[in-house]
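J.: Structure for this input, please:
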Amino acid sequence: MLLQNRPHPHPAETHRRYAHLRDRRLAGVLIDEDTAEDREELSALERISCRVHRRWAHECISSPTHVIAVTGHRWCRPCEAEANIAVDELTGDITITCTRCARTPTTPATRQILRTCRASLATATEHRRRA
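T.: Residues are numbered from 1 along each chain as shown. Next comes the predicted model:
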């Protein structure tokens, strides 16, 4: 089905989808990013929140759901293997390593994951400091 023909959820439906979240900053970011993504103003791969897990991107990036071999996200192309990711919320360190060769894939997708996780972590941390 063409993207233009896909019905967009009513804003009230989007708000209800995240009503259960305690972190209202996260809920607001999810709503904003859902809207921007649906309008094709934001790539799903550039989000700092995760629509699937309803979490900050850095909190769920280690899920197998986020391995995308076609684009190279959490994937080592030379080894044809998944890459693990670890996010240290205290230090801000993010490491991505291939499960076979133990190297960090040097791809645009890996650099994008690092940018997204850093932005997600910074936004979540800033919100927690203000609370």
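J.: Tell me where this structure has strands.
T.: For the chain, the strands defined by DSSP state E occupy 49-50, 55-56, 75-76, 81-87, 94-98.
J.: Let's have those in a markdown table, adding mean neighbour count.
T.: Every residue, glycine included, has its C-beta placed from N, CA and C. Output for the strands of the chain, formatted as a markdown table (neighbours: other Cβ atoms under 10 Å):
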| stretch | mean neighbour count |
| --- | --- |
| strand 49-50 | 25 |
| strand 55-56 | 23 |
| strand 75-76 | 22 |
| strand 81-87 | 18 |
| strand 94-98 | 18 |
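J.: Take the ones you listed and write them to TSV, including mean pLDDT.
T.: Compiled in TSV, the strands of the chain are given as follows (pLDDT from 0 to 100):
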stretch	mean pLDDT
strand 49-50	98
strand 55-56	97
strand 75-76	97
strand 81-87	98
strand 94-98	98
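J.: quick one, which of those strands is nearest to residue 65?
T.: Closest approach to residue 65 among the strands of the chain is made by strand 49-50 (8.6 Å; Cβ to Cβ).
J.: The residue most central in space within the chain: what's it in contact with?
T.: Centroid-nearest residue in the chain, with Cα atoms, centre = their mean: residue 57, separated by 3.4 Å. Residue 57 is in contact with 47, 48, 49, 50, 116, 117, 120, counting by Cβ atoms under 8 Å, 6 or more residues apart in numbering.
J.: Name all residues that make contact with the fifth one.
T.: Residues near residue 116 by Cβ under 8 Å, 6+ apart: 45, 46, 47, 48, 57, 58, 61.
J.: Residue 58 versus that one, what's the distance?
T.: 8 Å (Cβ to Cβ, to the nearest Å).
J.: Just the pLDDT at residue 77, thanks.
T.: We have a pLDDT of 96 for residue 77.
J.: meant to ask about residue 3
T.: For residue 3, pLDDT reads 40.
J.: One more: residue 36?
T.: In the predicted model, residue 36 carries a pLDDT score of 96.
J.: Just the buried subset of the contacts of residue 116, please.
T.: 47, 48, 57, 58, 61 (16 or more other Cβ atoms under 10 Å).
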